Structure formats: structure tokens, C-alpha cells
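Chemist: Need the 3D shape of this:
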Amino acid sequence: MSAAVDLRAGAPKHFLDIKDFTPAELRALLDSAAHYKRAGRTGKKPLTGKTLAMIFEKPSTRTRVSFEVAVRALGGDAIVLSARDMQLGRGETIADTANVLSRFVDGIMLRTNAAEKLHELARHANVPVINGLTDLSHPCQIMADMLTFEEHRGPVAARKIAWVGDGNNVAASFIEAAARFGFTLHLACPPGYWPRAEVLEWARDEGADVEVTIEPEAAVAGAACVVTDTWLSMSDSVDQAAARAATFAPYQVTPALMALAAEGAIFQHCLPAHRGEEVAAAVIDGPASVVFDEAENRLHAQKAILAWCMG
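Modeler: Numbers count the residues shown, from 1 in each chain. Got it, this is the predicted structure:
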């Protein structure tokens, strides 16, 4: 584990970012996720008698449903909390919230804007904290993406994955995954929308094979998987939509762009998608698309994460 993980004896086992784990630990989680998927409803129930609190400061479909179904499939229960309905939304400190919830529940999942909220919650909680998404990263999504790739195309190590579009939070977690899972990652992002410099610097220090370009064709050439995301993230103002559409138009994943990828390449998108914007309908609804397998695998990846954190 990296220094970002609390190594004190008896400390909670948080799941905050991909970079916090070793390749072997992440591989064990993927193997566990595949096991839970194969087992279906007959799997073990390591969370029997345990409760997960889920705090949402951002809208959610896949994160909420997959976590709630996952914890119940593992024998536990879930409580869904909205920040606007909690004292947290009326000025109670994150530290106090963490201490109180730690007396009631066995784990906390947070979906929020500021990554510092997540890390402060983890510093003060006495139970595991799971990153359900922040503006800086989305590790649960990437675990599902890795599971999906390997189901369709075998081991991801030494393969090439292409990211096309905004160098956002999901892209940042993909960069961390490239270092830990050993695949090549080429990102094509417009000027001004590259991944954060500190993420790229971390990747270089880790020896990751990560390149960033402004040319989608160069990034996609020979890739085994092409990934994109929405042009307008939840943290962006709707007033930015028109300007972003003009900036990102050359980065739409079209059939012509997919044709530059390796034979049999797959297409991934974390959803929700906007057909005709970041991806053409012919791609996301075509034979290369695995987006609904990817969405389903959020459930199985999160079973593995929950079992590791709380089991």
C-alpha cells in the first residue's frame, strides 16, 4: 500500500484511489469481482449484519443502484443519505459527521465534488470509506472497466487503451490504472483539457506508459479499447455547454475513428452518454460497444470492494 493508506494497526481499510494499491492487491480485487459475478445470487454473504451509509452530494444512477444492490447481495443493508437532508448540509463538520456515522454503520460511501471532503472523511472515520466519485477520480468505475476489458479481450497488461475527450476524473483514474495494471494508455484531449499535471507527473515517476496528444487518430491507432466520457461533467456549468461542444467536436468517437483501432477493438463509456456528441450512435449501439456489460460490472466490482473493506 502507498503512504496514502492508513497503516496503523486496526485502521479501517479505505478504498479511495487506484494508486493507493499495489498491482497484486488490485488483481486480487478483480479476481474477487469475477468470482462474485460467476456466483450470482449463490455467493457468500460476508456483510451479514453490516450496514453501509451512502452519502450523495451528486446525482447518481449506476453508483447508487449498484452499491445498494451489491451490499444487500452480500448480506448487508444500505442507508441512502443526501447531503441536503443531513446536518452536514447545514454546517456540521465532516469530522463530526465521520465520528457519528462510525458509531452507527460499518462503512461509508461518499459521492462528492471536492476530493478533500473524501480524504477528510477517511481521516476521521473509524470505519472504511469508499470513493463513489470525486471531481478528481472515479476508482470504482475503473475497476469495472478493467473487469469488462478482460472479460472481452483477455489480460489487459501490455495492451493499448485510448482515451478520447476530456482529461477528467475518470481519465485520471485510468492513468493510475495504467501504472498499476501495466497497460499502455494514450489520451487525446483538446488543449486546456489535458489531465492534471500532477497526475501525469505521478505516472511518469511510476514508470507508466502514458502519453497525451491533441490528435485523436494518433491516440486510437492500434488500440484494443477506445474510451470516452461526456463533454460536460456534473461539476461544469451548463453555460459552458456550447463552448465545450465546439472544442470537443473533433474528438467525437465515430465509426471512422474506431476503424483506426486494432481489429476487434471494444468501446467503453462510463455512462450516461450523449449520442451525437462524444460518441456516434453507430459506435455506442454497435457491435464494438460493451457499455452495458461495463455498467453491470460496477455491481460485481463493488461487491469485491465492499467485501474487502467491510468483510
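
Chemist: which residue is nearest the middle of this structure?
Modeler: In the chain, the centroid-proximal residue (Cα atoms, centre = their mean) is residue 141; its distance is 2.6 Å.

Chemist: is it true that residue 186 lies in a strand?
Modeler: Yes: applying DSSP: H, G, I helix; E, B strand; the rest coil, one finds residue 186 inside a strand.

Chemist: if we can go back for a sec, so what's the residue nearest to the centre of the chain closest to, chain neighbours aside?
Modeler: residue 270 (5.0 Å; Cβ to Cβ, 6 or more residues apart in numbering). Backbone N, C-alpha and C define where each C-beta goes, glycine included.

Chemist: check contacts around the one you found.
Modeler: By Cβ atoms under 8 Å, 6 or more residues apart in numbering, the residues touching residue 270 are 62, 138, 141, 145, 170, 229, 294.

Chemist: cool, and residue 158?
Modeler: Contacts were defined as Cβ under 8 Å, 6+ apart; by that measure residue 158 touches 182-184.

Chemist: Give me the residue ranges of the stretch 201-311 of the chain where confidence is low.
Modeler: Within the stretch 201-311 of the chain, the stretches with pLDDT under 70 are 234-238.

Chemist: and residue 162, what element?
Modeler: Per DSSP states H and E, residue 162 falls inside strand 160-164.

Chemist: Check residue 67 too.
Modeler: Short version, using DSSP H and E: residue 67 is in helix 62-73.

Chemist: Find out how far the top helix by length along the chain is from the centre of the chain, if you would.
Modeler: Taking DSSP state H as the criterion, the chain has its longest helix at helix 291-310. How far helix 291-310 lies from its chain's middle: 10 Å, per Cα atoms, centre = their mean, to the nearest Å.

Chemist: If you count contacts, what does that helix end up packed against?
Modeler: helix 23-39, helix 62-73, strand 107-111, strand 129-133, helix 139-153, strand 266-269 (3 or more Cβ pairs under 8 Å, 6 or more residues apart in numbering; DSSP states H and E).

Chemist: swap the cut-off to 10 Å and go again
Modeler: Helix 291-310 sits against helix 23-39, strand 51-56, helix 62-73, strand 107-111, strand 129-133, helix 139-153, strand 266-269, helix 281-284, with contacts defined as 3 or more Cβ pairs under 10 Å, 6 or more residues apart in numbering; DSSP states H and E.

Chemist: quick revisit: buried subset of the contacts of residue 270 as a ChimeraX selection?
Modeler: ChimeraX command restricting these to the buried ones, with burial defined by 16 or more other Cβ atoms under 10 Å:
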select :62,138,141,145,170,229,294
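
Chemist: Out of the contacts of residue 270, which one has the weakest pLDDT?
Modeler: Across the contacts of residue 270, the smallest pLDDT goes to residue 62, namely 93.

Chemist: which residues sit in contact with that residue?
Modeler: When contacts are counted by Cβ atoms under 10 Å, 6 or more residues apart in numbering, residue 62 is found next to 140-141, 144, 270-272, 294-296, 298-299, 302.

Chemist: Please apply the same query to residue 48.
Modeler: Applying Cβ under 10 Å, 6+ apart to residue 48 gives the contacts 74-77, 311.

Chemist: Check for me that it belongs to a strand.
Modeler: No: the assignment for residue 48, made by three-state DSSP, is coil rather than a strand.

Chemist: ok, now how distant is it from residue 306?
Modeler: Counting by Cβ to Cβ, to the nearest Å, the separation of residue 48 from residue 306 is 12 Å.

Chemist: Now the common contact residues for the two.
Modeler: 74, 76.

Chemist: isn't residue 227 right up against residue 163?
Modeler: Yes: look at residue 227 against residue 163 with Cβ atoms under 10 Å: they come within range, at 5.1 Å.

Chemist: nearest spatial neighbour of residue 150, skipping sequence neighbours?
Modeler: Excluding its sequence neighbours, the residue lying closest to residue 150 (Cβ to Cβ, 6+ apart) is residue 156, at 5.8 Å.

Chemist: Also residue 151?
Modeler: Distance criterion Cβ to Cβ, 6+ apart; nearest residue to residue 151, sequence neighbours excluded, is residue 293 at 6.9 Å.

Chemist: swap in residue 170?
Modeler: Residue 170 sits nearest to residue 138 (Cβ to Cβ, 6+ apart), 4.8 Å away.

Chemist: which residues does that neighbour contact?
Modeler: The contact partners of residue 138, taken as Cβ under 10 Å, 6+ apart, are 17-18, 63, 111, 131-132, 144-145, 168-174, 229, 270.

Chemist: and it, how far is that from residue 301?
Modeler: With distances taken as Cβ to Cβ, residue 138 is found 12 Å from residue 301.

Chemist: which residues are common contacts for these two?
Modeler: In terms of Cβ under 10 Å, 6+ apart, residue 138 and residue 301 are both contacted by the residues 144-145.

Chemist: about what we covered before: distance to residue 122 added to the helices and strands packed on helix 291-310, as CSV?
Modeler: Listed next are the helices and strands packed on helix 291-310 as CSV, based on distance: least, Cβ to Cβ, whole Å:
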stretch, distance to residue 122
helix 23-39, 17
strand 51-56, 13
helix 62-73, 17
strand 107-111, 9
strand 129-133, 4
helix 139-153, 13
strand 266-269, 28
helix 281-284, 35
